[in-house]
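Enquirer: Curious how this folds, go ahead:
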Amino acid sequence: MRGFITGVLLTLAVLIVGGYEFLHQGKFPIGADNPPGAAERWLMNMAVDAYVNRNAPKQDNPMQPNAPNLSAGARLYQQDCAYCHGGLLQRISPMRTKFNPPVPQILNHIPGDPDSNLFWVVKHGVRMSGMPGWEGILSDNQLWQVIAFIKQSAKLPPEAQEAWRQAAAPAAATSAPPPAPPTGNQPQP
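Expert: Prediction:
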């Protein structure tokens, strides 16, 4: 029995020292353009889900999914979230694959998580994922409005749909390429 325990302890020591050396020598790929392995993805998803389930508020969304709240949520989402998570004009964001793990395209796959879990993630962010915490930038009511919008985005009332369209319109106007620089024969402004 003593030999078995010694073997287990020695194996654990070799794994810990070997893992440390692997990391210390810079052999673990950390670039955002290196996709995570299956084990890394599984461990991180498990850790995020468990932590959020444990720490999210145990409450329903206090913002009813009515036209004023959904309209406010649509404007906030388009302004603050669409660039990474996809918006009205571009359902798949070009930033999707620029983060590791890839950014969820929320409007194409509306999360089935409870509203309170989404609220916690948006409020506090997720470390080492590129998802910032919005606490202190948006109020709790605004965060709940965004969550209500996300959950109802596939079936918005006309007023909220119009608010979303108007919020997306300035983005379309500013996404045009800049004018060409003047040639040598044209007067400079």
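Enquirer: CA atoms for contacts and neighbours, from now on please.
Expert: Will do.
Enquirer: Need the phi and psi values for G86.
Expert: Main-chain dihedrals, G86, degrees, to the nearest 10: phi 90, psi 140.
Enquirer: tell me the contacts of N69?
Expert: By CA atoms under 8 Å, 6 or more residues apart in numbering, N69 lies in contact with 63, 145, 148-149.
Enquirer: Same question for R91.
Expert: 85, 105, 107-108.
Enquirer: Can you find the helix or strand in this protein with the smallest mean pLDDT?
Expert: helix 158-174 (a mean of 86; mean pLDDT, DSSP states H and E).
Enquirer: so who does the closest residue to E135 other than its chain neighbours touch?
Expert: In space, and not counting its chain neighbours, E135 is closest to K123: 4.9 Å by CA to CA, 6 or more residues apart in numbering. Residues near K123 by CA under 8 Å, 6+ apart: 133-135, 140, 143.
Enquirer: low-confidence ranges in the chain?
Expert: 171-189 (pLDDT under 70).
Enquirer: separation between the residue nearest the centre of the chain and R96?
Expert: Centroid-nearest residue in the chain, with CA atoms, centre = their mean: M131, separated by 4.7 Å. Distance of M131 to R96, given as CA to CA, to the nearest Å: 12 Å.
Enquirer: Over to P170?
Expert: Between P170 and R96 the computed distance is 21 Å (CA to CA).
Enquirer: out of the two, which sits in the busier spot?
Expert: Legend: neighbour count by other CA atoms under 10 Å for P170 and R96, higher for R96 (17 against 11).
Enquirer: so what's that one closest to, chain neighbours aside?
Expert: The nearest residue in space to R96 (CA to CA, 6+ apart) is V103, at 4.8 Å.
Enquirer: check contacts around the one you found.
Expert: Contacts of V103 by CA under 8 Å, 6+ apart are 84-85, 95-97.
Enquirer: Mind checking which of those residues are buried?
Expert: 84-85, 96 (16 or more other CA atoms under 10 Å).
Enquirer: wait, which of these is closest to D113?
Expert: H85 (16.3 Å; CA to CA).
Enquirer: where's the closest one relative to F28, distance?
Expert: In this structure, H85 and F28 are 28 Å apart, going by CA to CA.
Enquirer: Tell me if I'm right that A67 and E162 touch.
Expert: No - here A67 does not reach E162: they are 10.4 Å apart, not a contact under CA atoms under 8 Å.
Enquirer: So in the protein, which helix runs the longest?
Expert: helix 2-24 (DSSP state H).
Enquirer: The host helix or strand of R75: which residues count as buried?
Expert: For R75, the host element (DSSP states H and E) is helix 67-80. Judged by neighbour count using 16+ other CA under 10 Å, the buried positions of helix 67-80 are 67-79.
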